[in-house]
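Novice: sequence plus the predicted model coming up.
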Amino acid sequence: MIVGAGGNTTMQVGDQGILLVDTMYAQLSDKILAAIRKISNKPIRYIINTHIHPDHTGGNENLRKAGATIAGGNVVGNIRDAGEGAAIVAHENVLNGMSAPTGVQAPAPSGAWPTDTYVHGQKDLYFNGEAVQVIYQPAAHTDGDSIVFFRRSDVISAGDIFVTTTYPVIDIQRGGSLNGIIDSVNRIIDLAVPADKQEGGTYIIPGHGRLCDEADIVEYRDMLTIIRDRIQDMIKKTMTLQQVKAPKPTSDYDPRSGATTGLWTTDMFVEAAYQSLSARK
Ligand SMILES: [Zn+2]
């Protein structure tokens, strides 16, 4: 786990090279590379993006150039793969979002775009002697979330579906939803197996914040489910957003996850939760 000013990066290292999950911001690429080189001099072969946001994909182009795709690895005279860099794996909606024609210019440079996408279910890789599953999580934090399950290491990279720093960001504009986040968190809990006394076992790397185990994400799931039920109840009583905010439906969790300043405040979370739960199914 590499921690910096962007989203957390996961690094898997072995004889075949390096696999990264998420790349923080572009301006942090030198620092990430320095951290990688303290551990291994092997090439970066794969980059997996958990979703499109720039604090998780900003370093794609720089770190891709620092790597090489595995297809080009040992093939002498394979011109097509020469200098191509690491493969970037993501759900197709990440590519769609990065490459969408805006009339002037694509939202992200083409060197940052995923090279290897999938649409349904999951994408399986086998790298460094380990099965790595990239599993689609529909309508969760965004419309293009993947969790990454390292089956042998017993580590799950959750992306921003799971954060320990604030309430989860529900990116409604990009097709995110509170119920999708809760479904995805339940999926992660299904995959995770605790060791003795519910501690340790499978490790879960959140999109932002500290390294967690199953007990941590169960607590997070319970919090989100309770808040969801409270807000859902008030919506059923046809309460307006202002009426929902007034009794502070998150107050018992605010000491841990709330914020009054910064990029994602409690107010923004309640508003997004309300919108998400009010939307027609
Ligand atoms: Zn995000």
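Specialist: It's in.

Novice: what sits against residue 192?
Specialist: 156, 201, 202, 204, 213, 214, 217 (C-beta atoms under 8 Å, 6 or more residues apart in numbering). C-beta: built from backbone N, CA, C; applies to glycine.

Novice: swap in residue 214?
Specialist: Per C-beta under 8 Å, 6+ apart, neighbours of residue 214: 189, 192, 193, 194, 198, 201, 202, 204.

Novice: buried subset of the contacts of residue 192, written for PyMOL?
Specialist: A single PyMOL command selects the buried members of these (16 or more other C-beta atoms under 10 Å):
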select buried, resi 156+202+204+213+214+217
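
Novice: the ion contacts on the stretch 1-150 of the chain?
Specialist: Applying C-beta under 5 Å from the ion, we find that the stretch 1-150 of the chain lies next to the ion at residue 53.

Novice: of all of the stretch 1-150 of the chain, which residue lies closest to the ion?
Specialist: As assessed by C-beta to the ion, the ion sits closest to residue 53 within the stretch 1-150 of the chain, at 3.5 Å.

Novice: and the helices in the stretch 101-250 of the chain?
Specialist: For the stretch 101-250 of the chain, applying DSSP state H, counting those that start in this stretch gives helices covering 178-191, 214-236, 241-245.

Novice: coming back round to it: closest to the ion among the contacts of residue 214?
Specialist: residue 204 (16.2 Å).

Novice: confirm for me that the closest one is in contact with residue 162.
Specialist: Yes. Using C-beta atoms under 8 Å, residue 204 is in contact with residue 162, at 6.5 Å.

Novice: do you know how far residue 187 is from the ion?
Specialist: 18 Å (C-beta to the ion, to the nearest Å).

Novice: ok, how many other residues are close to that residue?
Specialist: 18 (other C-beta atoms under 10 Å).

Novice: same question for residue 153.
Specialist: 14.

Novice: next up, phi/psi of the residue of the stretch 1-150 of the chain closest to the ion, please.
Specialist: Residue 53 has phi and psi values of phi -60, psi 140 when expressed as degrees, to the nearest 10.

Novice: what about it, neighbour count?
Specialist: So residue 53, with other C-beta under 10 Å, has 22 neighbours.

Novice: ignoring the adjacent residues along the chain, who's closest to it?
Specialist: residue 160 (6.9 Å; C-beta to C-beta, 6 or more residues apart in numbering).

Novice: now residue 59
Specialist: residue 23 (3.2 Å).

Novice: identify the residues contacting the residue most central in space within the chain.
Specialist: For the chain, the residue nearest the mean C-alpha position is residue 159 (1.9 Å; C-alpha atoms, centre = their mean). Residue 159 makes contact with 7, 22, 50, 51, 56, 141, 145, 146, 147, 207, according to C-beta under 8 Å, 6+ apart.

Novice: how does it look with 10 Å?
Specialist: 7-8, 10, 21-22, 48-51, 53, 56, 137, 140-142, 145-148, 184, 205-208 (C-beta atoms under 10 Å, 6 or more residues apart in numbering).

Novice: coming back round to it: overlap in contacts of residue 204 and residue 162?
Specialist: Counting by C-beta under 10 Å, 6+ apart, the residues touching both residue 204 and residue 162 are 147, 156, 185, 188, 212, 216, 217, 220.

Novice: state the distance from whichever residue of the stretch 101-250 of the chain sits closest to the ion to residue 141.
Specialist: The stretch 101-250 of the chain approaches the ion most closely through residue 160 (3.6 Å), counting by C-beta to the ion. Note on residue 160: its distance to residue 141, by C-beta to C-beta, to the nearest Å, is 4 Å.

Novice: ok, residue 118 next?
Specialist: From residue 118 to residue 141 the distance is 18 Å (C-beta to C-beta).

Novice: between the two, which one's more packed in?
Specialist: For residue 118 and residue 141, the more surrounded residue by other C-beta under 10 Å is residue 141, and the numbers stand at 29 against 17.

Novice: wait, that one sits on residue 173?
Specialist: No. Shown here, residue 141 and residue 173 do not form a contact pair, counting by C-beta atoms under 10 Å, at 11.9 Å.
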